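Participant: sharing a model prediction with you, sequence too.
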Amino acid sequence: MYEVLIIEDDPMVAMINKQYVSRNPHFHTAAVCRDGAAALEYIKTNTVHLCILDMYMPRMNGLALLKKIREEGLPVSVIMVTAANDTVTIEEALRYGIVDYLVKPFEPERFDRALQTFLRQQDAFHDLDNLSQRNIDDLMGQSAAPEEELPKGIQGQTLDIIVGFLRGCGGAEMTGEEIADKTGLSRVTIRRYMNYLMEKGTVSGRMNYETGGRPSMLYRIEAV
């Protein structure tokens, strides 16, 4: 499990970010810091894999903290979650090697995508001794294949996560609740994506009335 440090001076926003993190079983919120200086000290003395970092904070702003993290070689990844959308801030944040940059306000699924980007990077670094150009292109978001135009509310990365999981199940039937629990996505999200995949014919669904209670839909991928 990856330990997450939320660095945010607004208690309400910090609470929301913590809720988003808790929805994914691969992550645990280790602590919440209200300013950059306190966050730096925490990172130095505790295990932190990922920071959810705001820009505008007292004592030390997000960019100053990000710069300190890189200067001191602290092994932590950073996702910027901030209202700052000026090109200077974004360019500098990218220069310091952030995983993703989210501009407030954003949809919960966009936060999920940022976490999945981090997980994909970690999987590649831990599972492979050497990366091919294709691996690197995938990590850098430079895949050459054109992206399918998706309807509103359907995100490519989330779709890939769900389809990849279903393919790994070898065609077994699963409920939406089981898929949600295994992927770390919400049940509402899974229901929406299952409807989309059934419309495309990628997934089939049938109602299971043998539950002893409320019937549930069983899904299976068609092309394994």
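Facilitator: The structure has been received and is ready for your questions. Residues are numbered from 1 along each chain as shown.

Participant: quick one: the strands in this protein?
Facilitator: Here the chain has its strands, by DSSP state E, at 2-7, 27-33, 50-53, 77-82, 100-103, 174-175, 203-208, 216-221.

Participant: ok, residues contacting the longest one?
Facilitator: Outside strand 27-33, the residues that touch it by Cβ atoms under 8 Å, 6 or more residues apart in numbering are 1-8, 14, 18, 21-22, 39, 42, 46-48, 50, 115. Backbone N, C-alpha and C define where each C-beta goes, glycine included.

Participant: try 10 Å this time
Facilitator: For strand 27-33, the external contacting residues (Cβ atoms under 10 Å, 6 or more residues apart in numbering) are 1-9, 11, 14-15, 17-22, 38-43, 46-54, 57, 65, 115, 118-119, 184.

Participant: please identify the deepest-packed of the strands of the chain.
Facilitator: Across those, averaging neighbours per residue (mean count of other Cβ atoms under 10 Å) puts strand 50-53 on top, at a mean of 26.

Participant: parallel or antiparallel, list what pairs with it.
Facilitator: Using DSSP bridges, strand 50-53 pairs in its sheet with strand 2-7 (parallel), strand 77-82 (parallel).

Participant: how distant is the first one from the center of its chain?
Facilitator: It refers to strand 2-7. The chain centroid and the centroid of strand 2-7 are separated by 13 Å under Cα atoms, centre = their mean, to the nearest Å.

Participant: nearest the geometric middle of the protein, what residue?
Facilitator: residue 115 (1.9 Å; Cα atoms, centre = their mean).

Participant: give the closest residue to that residue in space, chain neighbours not counted.
Facilitator: residue 24 (5.4 Å; Cβ to Cβ, 6 or more residues apart in numbering).

Participant: next, the angle from the lengthiest helix in the chain to strand 27-33.
Facilitator: In the chain, with assignment by DSSP state H, the single longest helix is helix 108-127. Interaxial angle, helix 108-127 versus strand 27-33 (axes from the mean of the first three to the mean of the last three Cα atoms, to 10 degrees): 110 degrees.

Participant: related to what we said a few turns ago, pull out the buried residues from the contacts of strand 27-33.
Facilitator: With burial judged by 16 or more other Cβ atoms under 10 Å, the buried subset of these is 2, 4-9, 14, 17, 20-21, 38-40, 42-43, 48-54, 57, 65, 115, 118-119, 184.

Participant: confidence-wise, which helix or strand of the protein is lowest on average?
Facilitator: Ranked by mean pLDDT, DSSP states H and E, the helix or strand of the chain with the weakest confidence is helix 133-139, at a mean of 65.

Participant: how is this structure carved up into domains?
Facilitator: Per the record, the chain has its domains at 2-126, 156-221, by automatic domain parsing.

Participant: which of the ones you listed sits closest to residue 150?
Facilitator: domain 156-221 (6.2 Å; Cβ to Cβ).

Participant: just to revisit the earlier point, turn the strands of the chain into a markdown table, including distance to residue 194.
Facilitator: Supplementary listing: those in a markdown table, determined by distance: least, Cβ to Cβ, whole Å:
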| stretch | distance to residue 194 |
| --- | --- |
| strand 2-7 | 27 |
| strand 27-33 | 24 |
| strand 50-53 | 29 |
| strand 77-82 | 28 |
| strand 100-103 | 26 |
| strand 174-175 | 10 |
| strand 203-208 | 6 |
| strand 216-221 | 6 |
